[in-house]
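Colleague: sequence and predicted structure below; questions after.
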Amino acid sequence: MINPEFELIQKEINELVNEKNNLECEILSKESEKKIKNGEVKSLQSELDTLSATLKQLENQKSVAGGRLADLENQVRFIDSLQFRCQFVLRRLSCYNDHFCLRL
């Protein structure tokens, strides 16, 4: 016959072994989840780095485009002033021409 105290101890040992196995499985599962999450973090960090570099390039391009736009605006103002001067000279020439033609 088996000693009741021994049975109780054996039962407790079996429960502890089962609990240990369950905890080990849980640890393995958590470690696997951690690896997956670390991979996701690395991927997101890489994407963030790429987007940051792209943003910096776009900001540089915006700055360059702003400078070009300013240059073009200056050229337009210069051309407008030349056009105004040309029109003025043409009107004066027309007047001189009309005046000269009337004398002939």
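Modeller: Cool, got the structure.

Colleague: rest of the way, CA atoms for contacts and neighbours
Modeller: OK.

Colleague: which parts of the chain are helices?
Modeller: Remark: helices assigned in the chain by DSSP state H are 4-103.

Colleague: quick check, central residue of it?
Modeller: In the chain, the residue lying closest to the centroid (C-alpha atoms, centre = their mean) is residue 51, at 3.2 Å.

Colleague: from residue 40, how far out is that one?
Modeller: Relative to residue 40, residue 51 is positioned 16 Å away (C-alpha to C-alpha, to the nearest Å).

Colleague: ok, residue 79 next?
Modeller: Counting by C-alpha to C-alpha, the separation of residue 79 from residue 40 is 57 Å.

Colleague: same check on residue 27?
Modeller: 20 Å.

Colleague: and if you look at residue 87?
Modeller: 68 Å.

Colleague: against residue 64, how distant is the residue nearest to the centre of the chain?
Modeller: Using C-alpha to C-alpha, residue 51 is found at 20 Å from residue 64.

Colleague: now do residue 21
Modeller: 64 Å.

Colleague: so where is this protein shaky, pLDDT-wise?
Modeller: The model of the chain has pLDDT under 70 over residues 1, 97-104.

Colleague: please repeat the previous calculation with a cut-off of 50.
Modeller: By pLDDT under 50, the weakly predicted segments of the chain are 104.
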